[in-house]
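Enquirer: Okay, here's the prediction I keep looking at, along with the sequence it came from:
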Amino acid sequence: MAYSTILYEADDRVAWITLNRPNKRNAISTELCNEFRDAIAIAERDPEVRVIVVKGAGGRAFSSGWDMAEDKSEFGPPERAEWTFDHLDRLFDHACKFLQSVFHCSKPVIAMIEGYCLAGGLDLAMWCDMRYCSDDSRFGAIEVRFAAGDTELPIMSHLIGQRCRELVYTGDVFDAQEAHRLGLVNRVFPKARLEEEVTRIAKRISRVALPTLVWSKRALNNTLQAAGLDSALRYSYASDMIISKSDSEYRRFRELLRTEGAKAASQWIESTFAPFESQTPGVSSRTASNQPAKAGD
């Protein structure tokens with residue numbers, strides 16, 4: 001099937017889904033969300049596919065996050081303060097269908113990360129079963145610097161425990177080695193060898209019997225769901241709605257975004273953090289220079 005924002009191919013038991021918006025560092029648009037979910041469903045139904053690899057096109061980014069050029073008012077918080085649980089359910093349903101499509105897919109999904117993996121891009125990677133990255137990769141929950149909530153905190157907490165608190169309280173960007181130290185990624189490979197090594201891992205997985213892969217994943221997922229994952233996600237999404245309605249820097253950022261563009265808005269955010277940049281090796285709290293225009297929310 002022909003797509004406009006992703007690429008899909010399957011060969012020798014492995015399906016490859018490529019986020020294909022390299023000029024925007026693979027920022028996540030509504031169209032990309034829909035096409036991605038369709039591709040996951042195709043791989044799910046294909047009896048020849050046993051493992052799925054998700055990657056970004058262009059070599060510069062897995063994904064820089066949500067595309068801020070889009071008007072998401074249809075799915076944003078209601079204008080009335082008296083929002084209802086019905087609205088919350090609709091918002092929750094929309095957001096989860098994309099990010100959790102890899103979680104609910106019965107087959108193992110690998111995130112092959114090269115370059116920037118930020119905000120919504122990091123969220124997508126965290127929902128995958130495994131994450132392998134190049135040595136030039138950069139990570140960060142940078143949306144918190146825009147006074148926005150990180151709605152995927154439950155899955156981040158599951159992956160790296162209490163260490164996620166520093167990441168979501170600072171919005172710092174950190175490198176591949178730090179991501180490996182935290183347990184966020186499984187392994188780090190030299191950039192030139194990343195695809196070769198991930199292909200080798202995917203092929204090994206694909207040689208395991210499909211029922212073993214499917215039922216092993218279901219058992220692992222059920223552990224999270226039995227521990228209250230769905231309830232935790234609903235609370236996280238509700239918190240994000242409250243943050244977006246608050247009288248905070250969020251409003252200033254959105255106003256700059258609307259009137260002067262993403263670059264100006266990001267530079268304003270960076271200026272407020274500049275005097276307190278981290279000097280820790282592997283950690284860089286710079287955000288604006290790491291983002292493409294109109295992406296990264």
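Expert: That came in fine, so what should we check first? Numbers count the residues shown, from 1 in each chain.

Enquirer: Okay, now the unreliable bits of this protein?
Expert: Scanning the chain for pLDDT under 70 picks out the ranges 70-95, 147-150, 244, 247-250, 280-281, 284-297.

Enquirer: What segments of it are helices?
Expert: For the chain, the helices defined by DSSP state H cover 30-45, 85-99, 101-104, 120-127, 153-160, 164-170, 176-182, 194-206, 210-226, 229-245, 249-259, 262-273.

Enquirer: Not counting sequence-adjacent ones, nearest residue to Ala232?
Expert: Pro154 (3.9 Å; C-beta to C-beta, 6 or more residues apart in numbering). All C-beta spots, glycine's among them, are computed from the backbone N, C-alpha and C.

Enquirer: whoops, I mixed them up, Ser29
Expert: Closest residue in space to Ser29, ignoring its immediate chain neighbours: Asp67 at 4.5 Å, by C-beta to C-beta, 6+ apart.

Enquirer: That neighbour against Asn26, yeah?
Expert: No. Counting by C-beta atoms under 8 Å, Asn26 is not a contact partner of Asp67; they are 9.6 Å apart.

Enquirer: Which one's more surrounded, the two?
Expert: Neighbour count, other C-beta atoms under 10 Å: between Asp67 and Asn26, Asn26 has more, with 32 against 26.

Enquirer: and that one, what is it in contact with?
Expert: Leu19, Asn20, Gly56, Ala57, Gly58, Ala61, Phe62, Ser63, Ser64, Gly121 (C-beta atoms under 8 Å, 6 or more residues apart in numbering).

Enquirer: cool, Ala176 as well?
Expert: Cys133, Ser134, Asp135, Asp136, Ser137, Arg138, Phe139, Val185, Val188.

Enquirer: Same question for Leu182.
Expert: Applying C-beta under 8 Å, 6+ apart, one finds that Leu182 lies in contact with Ile160, Arg163, Phe174.

Enquirer: how about the first one, what does it touch?
Expert: Contact partners of Ile160, counting by C-beta under 8 Å, 6+ apart, are Leu182, Gly183, Leu184.

Enquirer: for the residues you listed, which one is nearest Phe276?
Expert: Nearest to Phe276, judged by C-beta to C-beta, of those is Leu182 at 21.1 Å.

Enquirer: do you know how far that closest one is from Arg21?
Expert: 28 Å (C-beta to C-beta, to the nearest Å).

Enquirer: so Gly282 makes contact with Asp172?
Expert: No. Contact criterion C-beta under 8 Å: Gly282 and Asp172 do not qualify, at 9.9 Å.

Enquirer: Neighbours of Asp135, how many?
Expert: Count around Asp135 with other C-beta under 10 Å applied: 16.

Enquirer: With Ile242 instead?
Expert: Neighbour count of Ile242, defined by other C-beta under 10 Å: 11.

Enquirer: Distance-wise, check it relative to Ala232.
Expert: 16 Å.

Enquirer: what's the answer for Val168, then?
Expert: Distance from Val168 to Ala232, by C-beta to C-beta: 14 Å.

Enquirer: try Arg163
Expert: Arg163 is 17 Å from Ala232, by C-beta to C-beta.

Enquirer: Tell me how many other residues crowd Ala274.
Expert: Neighbours of Ala274 (other C-beta under 10 Å): 12.
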